[in-house]
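Peer 1: Provided below for reference: sequence and predicted model.
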Amino acid sequence: MVEILKYNDDDLKDNEIDQVVTRVRAFILSSKNNFLITKTDEDGYQLFGTYVDENEDLENALSKAIYNETGIQFDEKDKIEPFFEIRHYNRDYKGSGINRMSDLIYFFIKSDKLPNYKKLKLTKEEIAMRTPVESIPKYNFVRKLKEFQDAEEDPIRKIKTKEILIAYDKLKEMYNL
């Protein structure tokens with residue numbers, strides 16, 4: 001069972017929800033205890049993931065997004081499982097008149113596969129335009145994200161980084177990392 005952390009400051013009831021948006025994100029950890037993560041100037045640190053279409057399988061959506069971003073293709077040797085969910089309820093989402101529930105489902109992936117852009121048949125120019133991928137040692141992961149969060153001025157990037165750290169705490173707890 002996946003634990004759900006709910007943010008419902010607007011005190012919305014499920015029957016008041018007009019729109020549900022689901023996203024999936026992954027902590028990818030190698031046997032050498034390194035996390036794969038992305039970092040851009042626009043978004044800061046981000047886990048790999050995507051939005052999920054209605055009736056789309058969560059794991060398939062996540063695997064497809066990671067493949068499209070990195071060329072990494074998971075198989076039966078790789079451990080892939082959901083472990084945590086953050087759910088946001090928003091009345092009148094961004095002034096749209098729509099009451100929205102956003103689910104962010106975190107997965108844990110144990111894999112030694114590395115980005116392989118050749119699988120995607122990208123040119124050198126296309127590879128240069130890809131979102132940078134960093135391999136961060138587990139012992140340095142929290143410190144690096146907290147340093148970024150402390151120095152960050154954009155409130156949205158601060159919140160996104162905070163949520164990654166909340167999910168990381170749950171990951172450590174559940175998998176004894």
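Peer 2: In hand now; what should we look at? Numbers count the residues shown, from 1 in each chain.

Peer 1: Give me the below-cutoff pLDDT ranges for this protein.
Peer 2: Applying pLDDT under 70 to the chain picks out residues 1.

Peer 1: Strands of that one, residue ranges please.
Peer 2: Ranges of strands within the chain are 3-7, 19-29, 34-40, 44-46, 48-52, 79-90, 100-110, 133-137, based on DSSP state E.

Peer 1: Report all helices and strands that the shortest one contacts.
Peer 2: It refers to strand 44-46. If contacts are counted by 3 or more C-beta pairs under 8 Å, 6 or more residues apart in numbering; DSSP states H and E, strand 44-46 sits against strand 34-40, helix 138-151, helix 155-175. (C-beta placed from N, C-alpha, C; glycine too.)

Peer 1: The longest one now?
Peer 2: Helices and strands touching strand 79-90, as assessed by 3+ C-beta pairs under 8 Å, 6+ apart, comprise strand 3-7, helix 58-70, strand 100-110, helix 155-175.

Peer 1: do the last one as well
Peer 2: Here strand 133-137 touches strand 34-40, going by 3+ C-beta pairs under 8 Å, 6+ apart.

Peer 1: mind running it again at 10 Å?
Peer 2: Identification of packing neighbours for strand 133-137 by 3 or more C-beta pairs under 10 Å, 6 or more residues apart in numbering; DSSP states H and E yields strand 34-40, helix 138-151.

Peer 1: quick one, which of the helices and strands packed on strand 79-90 is nearest to Asp18?
Peer 2: Of all the helices and strands packed on strand 79-90, strand 100-110 sits nearest to Asp18, with 6.9 Å by C-beta to C-beta.

Peer 1: Give me the buried positions along that closest one.
Peer 2: 100-109 (16 or more other C-beta atoms under 10 Å).

Peer 1: how about the strands of the chain, which one is nearest Phe148?
Peer 2: Closest among the strands of the chain, using C-beta to C-beta: strand 44-46, at 5.8 Å.

Peer 1: For the closest one, give me every contacting residue.
Peer 2: The contact list for strand 44-46, computed with C-beta atoms under 10 Å, 6 or more residues apart in numbering, reads 25, 37-40, 131, 134, 136, 141, 144-145, 148-149, 152, 154, 156-158, 160-161, 164-165.

Peer 1: Now the buried members of the residues you listed.
Peer 2: Buried among those (16+ other C-beta under 10 Å): 25, 37-39, 136, 141, 144-145, 148-149, 152, 157-158, 160-161, 164.

Peer 1: between these, which is nearest Leu177?
Peer 2: Using C-beta to C-beta, the buried ones among the contacts of strand 44-46 come closest to Leu177 at Phe141, 9.6 Å.
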